[in-house]
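Enquirer: Quick one, structure for this:
(one chain, ligands or ions: 2)
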Amino acid sequence: MTAKTRRDPPTAATRAAQELDLGGGSSISYLPGHFAADQADEWFKALDSSLPWERPEIFVRGRRSLQPRETFYIADPGLKPLKYSGHAPAYHIWDDFPVLQAIRDAVCEAVPGYAFNSCLINRYADGDSSVAWHSDAEKLFGIAPTIASLSLGTSRDFLVRRKVRSKRASAEVDSAHGTKRTKREKVSAVDVISSRGETQDEKELGEETSKFSFYLGNGDVLLMRGNMQRDWEHAVPKRKAVKGTRLSLTFRTVLEPS
Ligand SMILES: O=C(O)CCC(=O)C(=O)O
Ligand SMILES: [Fe+2]
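Expert: Ligands and ions are numbered 1, 2, ... in the order given. Model prediction:
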């Protein structure tokens with residue numbers, strides 16, 4: 001049986017934050033069941049039925065295709081608009097969506113110290129919806145953005161893997177950011193290239209490729225911090241057996257004015 005069964009409700013032990021230090025200044029904090037299921041259900045229903053979802057054409061690796069999920073973007077007024085994969089999503093503001101304002105306040109409270117001013121929301125109607133391997137390294141979020149995602153609805157796998165970079169690209173990026181990379185990290189980047197070739201598609205990777213998997217469920221919060229968008233990429237792969245809908249609200253801080 002390949003279908004994943006629904007998780008047990010979180011207990012005090014499982015609800016505790018899990019910290020994953022990926023090295024090189026990258027880390028993930030995972031807060032399973034941070035928001036109670038009834039609260040998460042209420043938010044899911046309010047958003048799923050009312051947001052003006054978009055499903056645009058995007059441009060990825062030289063090919064135009066229909067985005068394999070729906071999205072909605074909201075931000076403080078007057079910020080530089082988001083653009084990714086050749087597409088600029090419609091720019092909505094919090095005043096028009098009070099439920100999102102309330103969710104943003106709750107997430108900022110859950111993750112003290114960050115003033116998230118924008119949110120890209122993804123709607124995965126069922127297991128056919130996905131997001132391909134990518135990082136959120138857009139310039140408007142700065143060089144080491146913290147991104148907090150809140151999952152609502154059906155659970156989905158969220159995968160994380162180290163980026164493949166040439167030795168030269170690594171050296172250039174490191175000097176641009178003024179960071180030092182240890183010899184061991186350089187060697188492991190090369191190992192990754194030789195173990196999986198240059199392909200970007202999803203295939204089973206060897207253990208040496210540093211891949212992690214989270215099963216994100218209703219009310220879970222996950223934070224990507226530090227150099228994650230520079231050195232790692234993430235994906236939500238298709239899962240044919242999944243029938244239900246998942247929303248992910250990815251809170252970010254846009255640093256540049258328009
Ligand atoms: O759905 C998720 O958890 C990830 C979404 C994502 O990577 C993004 O919006 O950039
Ligand atoms: Fe992302």
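Enquirer: Ligand 1 contacts on the stretch 51-200 of the chain?
Expert: 120, 122, 131, 136, 149, 158 (CB under 6 Å from any ligand atom). Backbone N, C-alpha and C define where each C-beta goes, glycine included.
Enquirer: Name all residues that make contact with the first one.
Expert: Think Leu120. 71-73, 82, 89, 250, 252 (CB atoms under 8 Å, 6 or more residues apart in numbering).
Enquirer: Now with 7 Å, please.
Expert: Residues near Leu120 by CB atoms under 7 Å, 6 or more residues apart in numbering: 71, 73, 82, 250.
Enquirer: and what of the fourth one?
Expert: By CB under 7 Å, 6+ apart, Asp136 lies in contact with 145, 147, 229.
Enquirer: now Ala115
Expert: So Ala115 contacts 108, 253 (CB under 7 Å, 6+ apart).
Enquirer: Dihedrals phi and psi, it?
Expert: As for Ala115, its main-chain torsions (degrees, to the nearest 10) stand at phi -110, psi 80.
Enquirer: per-residue pLDDT, it?
Expert: What the model reports for Ala115 is a pLDDT of 92.
Enquirer: For the stretch 101-250 of the chain, which segments count as helices?
Expert: Secondary structure of the stretch 101-250 of the chain, counting by DSSP state H, counting those that start in this stretch: helices at 167-177, 183-196, 228-231.
Enquirer: close to ligand 1, is the last one?
Expert: No. Taking CB under 6 Å from any ligand atom as the criterion, helix 228-231 and ligand 1 are apart, separated by no less than 9.5 Å.
Enquirer: What score does the closest residue to ligand 1 within the chain have for pLDDT?
Expert: Residue nearest to ligand 1 within the chain: Ser248 (3.2 Å; CB to the nearest ligand atom). We have a pLDDT of 98 for Ser248.
Enquirer: and if you look at Phe59?
Expert: 88.
Enquirer: what number of residues lie near the closest residue to Asn218 other than its chain neighbours?
Expert: Distances taken as CB to CB, 6 or more residues apart in numbering put Ala40 closest to Asn218, at 4.5 Å, once the chain neighbours are dropped. Ala40: 22 surrounding residues under other CB atoms under 10 Å.
Enquirer: my guess is Ala40 is in a helix, correct?
Expert: Yes. Assignment of Ala40 by DSSP: H, G, I helix; E, B strand; the rest coil places it within a helix.
Enquirer: what's the span of stretch 232-243, first residue to last?
Expert: Stretch 232-243 has an end-to-end distance of 29 Å (CA to CA, to the nearest Å).
Enquirer: Touching it from outside, list them.
Expert: So stretch 232-243 is contacted by 2-3, 22, 26, 124, 126-128, 130-135, 154, 156-163, 202 (CB under 7 Å, 6+ apart).
Enquirer: So for that stretch, what gets flagged as buried?
Expert: Residues of stretch 232-243 classed as buried by neighbour count (16 or more other CB atoms under 10 Å): 232-236, 238-239, 242.
Enquirer: Check which residues of stretch 48-65 are buried.
Expert: Going by 16+ other CB under 10 Å, stretch 48-65 has these buried residues: 48, 51, 53, 58.
Enquirer: Under the pLDDT cut-off, which ranges of the stretch 1-150 of the chain? List them.
Expert: 1-15 (pLDDT under 70).
Enquirer: What ranges does it have for its strands?
Expert: 18-23, 26-31, 57-60, 63-66, 70-75, 91-92, 118-124, 131-134, 147-153 (DSSP state E, counting those that start in this stretch).
Enquirer: returning to what we had before: and of the buried residues of stretch 232-243, the nearest to Gln67?
Expert: The closest of the buried residues of stretch 232-243 to Gln67 turns out to be Val236 (CB to CB; 12.6 Å).
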